[in-house]
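Asks: give me a 3D structure for the following:
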Amino acid sequence: MRYYAILIVVTAVATCLLCWGVYRLAMRHRWYPAVRERDVHATPKPRLGGIAMYIGFLGSLALGSYFPHLGLVYADPGRIWAIVGAATLIVGIGVLDDVVDLDWMTKLAGQIAAAFLLAWQGVAITSLPIGGLTVGSQWMSLVITVLAMVLVMNAVNFIDGLDGLVAGVAIIANGVFLVYSYLLSEFAGQTGRFTLAALLSAVVVGICLGFLPWNWNPSKMFMGDGGALLVGLLMATSAISVTGDVDPRTIRTAQLLPAFVPLIIPFAVLVVPLLDFSMAVIRRMLAGKSPFTADRKHLHHRLLDMGHSQRQAVLVFYAWSAVVSIGALLPFVVAQAWVPFAFVIVGGIVCTVVTLSPISQRKLAEKRAQRTVSTVDDTHDPLDQLGQEHADAQRRVVTARAGHGTGLTGSSRAEAEPVTGTAVGAHTGADTRAETDTRAEADTDVDEPAAEPCRDEPASAADGRIEAADEVTVADETDDVPGRRDPNAADDENHDGAAATRRGRARTPETAHRDEPEESR
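Replies: Predicted coordinates for the structure are as follows:
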């Protein structure tokens, strides 16, 4: 296992460095397409990560040839060269599609050609885990192999819509493949544990680990169709090669299912993507479109619409992939039959709860909002309270002024003359005039009783004092309300003018001479 670990680490480091070089070249020469309507990202990014992954794949195969324990794998160079040729063809088709956007028929033709090349060189399904059932003819094996590879490649390519989604799912699935393939050789009675399936699984884990830092949200670069189709091709090849490494006649009937579990794993891991693929094909054909027409109705898009962020949606896919993959591995390594069953049930429940959590959180927030609204008093208006406080303040001012002149307390004044908030401003002038008149009357009637005129004092002197008192009253009124004209001021002036006219007529020269000041006399 340490040889596989060394291979994974070296491949990951080399791929990561290659991604840096491809990214620099793409940004310098602007090798990135415009943002499409269905894309989740908002800024243009290079989609040439598949080139770095392809070069890392070639380097990993070259490095593996120097490991003596992998000598049996490289003993048949035909399969190795078939894998390299198929990978080159599929990456070339994918990169061209990333650059010039090929039509779906051209892409499908390239996928079929790559799968046919592998099947023709012996990487084909020769038997099935159903009672030792073997494929009847070579042509039947070729057709089944091509269909399986094309299906897996497109399923992987279809889920390549979020940052880190394909790379993470591939790491989980191929990590399980590596454990299967490593243990399967001993289980099936083989002498060596180094097989083509284990080698390809380690290679896929290495190139995906090296690319993931560049594709983790927020990503700098995408693997594109070239990288996604390459990963799908290698996953399908790794699983299908198991049927060539295991001869059904060498194992007992009870061991058939565990021996062929790796053949089932790709489809088990990709149950959700395959379901998404089937739904997309049916949906597009019913709409009269091509089955390969892109849209924004895939499962990862629906997770975003539910309320998940990009990272959360990716982690949900990771969780489902881990539950299915590990659940398929446990029957092979655990003796107790209930352990795999319990793991799948509990893991499925947890994944379901996490997947639907945004919906439940949204409903809970709506219920809390409804309860909060129901507890608010609809009859209470803060503006009414502010208006009432302002009215109370105005009432206290008017009451204090009136109480100063009449001797009434604030409460008595409020009870005698209630004032509302809207009436205070309108009647301020009237209250001020009434206050002034009241103060004048109080000063005349209470504080300083009017003195009776002397018997020898003429009537004109008394009239003069009355006139002076009237002038004092007018002055007080003007001082109390500066700049404000009383609505009844005109009537008061007319009244005072008439009184002055009468007094002027009643005066005689003698009276006028007597009323003059001593200085003038």
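
Asks: can you tell me the SS state at Lys45?
Replies: For Lys45, the assignment made with DSSP: H, G, I helix; E, B strand; the rest coil gives coil.

Asks: low-confidence ranges in the stretch 201-350 of the chain?
Replies: In the predicted model, the stretch 201-350 of the chain carries pLDDT under 70 at residues 243-270, 272, 292, 294-297, 300.

Asks: which residues in it form strands?
Replies: Counting by DSSP state E, counting those that start in this stretch, the stretch 201-350 of the chain has no strands to list.

Asks: for the stretch 51-200 of the chain, same thing?
Replies: With DSSP E, counting those that start in this stretch as the criterion, the stretch 51-200 of the chain has no strands whatsoever.

Asks: so where is it shaky, pLDDT-wise?
Replies: 127-136, 185-193.

Asks: repeat that with 90
Replies: Counting by pLDDT under 90, the stretch 51-200 of the chain shows low-confidence ranges at 68-73, 75-78, 98-105, 120-144, 148, 151-152, 154-163, 173, 176-198.

Asks: quick one: the helices in it, in order.
Replies: Assigned by DSSP state H, counting those that start in this stretch, the stretch 51-200 of the chain shows helices spanning 77-100, 104-120, 138-158, 165-187, 196-215.

Asks: which residues sit against the second one?
Replies: Meaning helix 104-120. 82-83, 85-87, 89-90, 92-94, 97, 124, 141-142, 145-146, 149-150, 153-154, 225, 229, 233, 236-237, 240, 290-293 (CB atoms under 8 Å, 6 or more residues apart in numbering). From N, CA and C alone the C-beta is placed, and that goes for glycine too.

Asks: now render the helices of the stretch 51-200 of the chain as TSV, adding mean neighbour count.
Replies: Below are these laid out as TSV (neighbours: other CB atoms under 10 Å):
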stretch	mean neighbour count
helix 77-100	19
helix 104-120	19
helix 138-158	20
helix 165-187	23
helix 196-215	27
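
Asks: Val346 is nearest to which of these?
Replies: helix 165-187 (18.0 Å; CB to CB).

Asks: re earlier: could the helices of the stretch 51-200 of the chain go into JSON lines alongside distance to Phe57?
Replies: Shown next, in JSON lines, are these (distance: least, CB to CB, whole Å):
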{"stretch": "helix 77-100", "distance to Phe57": "6"}
{"stretch": "helix 104-120", "distance to Phe57": "14"}
{"stretch": "helix 138-158", "distance to Phe57": "15"}
{"stretch": "helix 165-187", "distance to Phe57": "12"}
{"stretch": "helix 196-215", "distance to Phe57": "6"}
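
Asks: select, out of the ones you listed, the one closest to Val354.
Replies: helix 165-187 (15.6 Å).

Asks: which strands or helices does that closest one pack on?
Replies: helix 196-215, helix 224-245, helix 256-259, helix 261-269, helix 310-333 (3 or more CB pairs under 8 Å, 6 or more residues apart in numbering; DSSP states H and E).

Asks: may I have that helix exported as PDB, CA atoms only?
Replies: Taking Å, rounded to 0.1, in the frame of the first residue of the first chain, the C-alpha atoms of helix 165-187 are listed here in PDB:
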ATOM      1  CA  LEU A 165     -17.800  18.800  -6.800                       C
ATOM      2  CA  VAL A 166     -16.300  16.400  -9.300                       C
ATOM      3  CA  ALA A 167     -12.900  16.300  -7.700                       C
ATOM      4  CA  GLY A 168     -14.200  15.600  -4.200                       C
ATOM      5  CA  VAL A 169     -16.600  12.900  -5.400                       C
ATOM      6  CA  ALA A 170     -13.900  11.200  -7.500                       C
ATOM      7  CA  ILE A 171     -11.500  11.200  -4.500                       C
ATOM      8  CA  ILE A 172     -14.100   9.500  -2.300                       C
ATOM      9  CA  ALA A 173     -15.200   6.900  -4.900                       C
ATOM     10  CA  ASN A 174     -11.700   6.100  -6.200                       C
ATOM     11  CA  GLY A 175     -10.400   5.900  -2.600                       C
ATOM     12  CA  VAL A 176     -12.900   3.100  -2.000                       C
ATOM     13  CA  PHE A 177     -11.900   1.500  -5.300                       C
ATOM     14  CA  LEU A 178      -8.300   1.500  -4.200                       C
ATOM     15  CA  VAL A 179      -9.200  -0.400  -1.000                       C
ATOM     16  CA  TYR A 180     -11.400  -2.800  -3.000                       C
ATOM     17  CA  SER A 181      -8.800  -3.500  -5.600                       C
ATOM     18  CA  TYR A 182      -6.000  -3.900  -3.000                       C
ATOM     19  CA  LEU A 183      -8.000  -6.500  -0.900                       C
ATOM     20  CA  LEU A 184      -9.800  -8.200  -3.800                       C
ATOM     21  CA  SER A 185      -6.700  -9.800  -5.200                       C
ATOM     22  CA  GLU A 186      -6.100 -11.800  -2.000                       C
ATOM     23  CA  PHE A 187      -9.800 -12.600  -1.700                       C
END
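
Asks: let me see the domain layout of the protein.
Replies: For the chain, the structural domains run 2-368, 409-515, going by automatic domain parsing.

Asks: got a list of what Leu178 touches?
Replies: With CB under 8 Å, 6+ apart, Leu178 has these contacts: 4, 198, 201-202, 205.

Asks: taking those, tell me the two that lie furthest apart.
Replies: Across the contacts of Leu178, no pair lies farther apart than Ala198 and Val205, at 10.7 Å, counting by CB to CB.

Asks: mind listing residues that contact stretch 61-72?
Replies: When contacts are defined by CB under 8 Å, 6+ apart, stretch 61-72 is touched by residues 3, 7, 10-11, 73-74, 80, 83-84, 192, 194, 199, 203.

Asks: now swap in stretch 344-364 and tell me
Replies: Contacts for stretch 344-364 (CB under 8 Å, 6+ apart): 303, 306-308, 316, 319-320, 322-324, 326-327.

Asks: neighbour count and distance to Ala167 for the residues you listed - can I get that in a markdown table?
Replies: Shown next, in a markdown table, are the contacts of stretch 344-364 (neighbours: other CB atoms under 10 Å; distance: CB to CB, whole Å):
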| residue | neighbour count | distance to Ala167 |
| --- | --- | --- |
| Leu303 | 20 | 17 |
| Met306 | 16 | 23 |
| Gly307 | 13 | 24 |
| His308 | 20 | 18 |
| Val316 | 20 | 16 |
| Ala319 | 17 | 16 |
| Trp320 | 21 | 16 |
| Ala322 | 19 | 15 |
| Val323 | 21 | 19 |
| Val324 | 24 | 18 |
| Ile326 | 18 | 19 |
| Gly327 | 20 | 22 |
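
Asks: what's the closest of the residues you listed to Pro340?
Replies: Looking across the contacts of stretch 344-364 and measuring by CB to CB, the closest to Pro340 is Gly327, at 5.7 Å.
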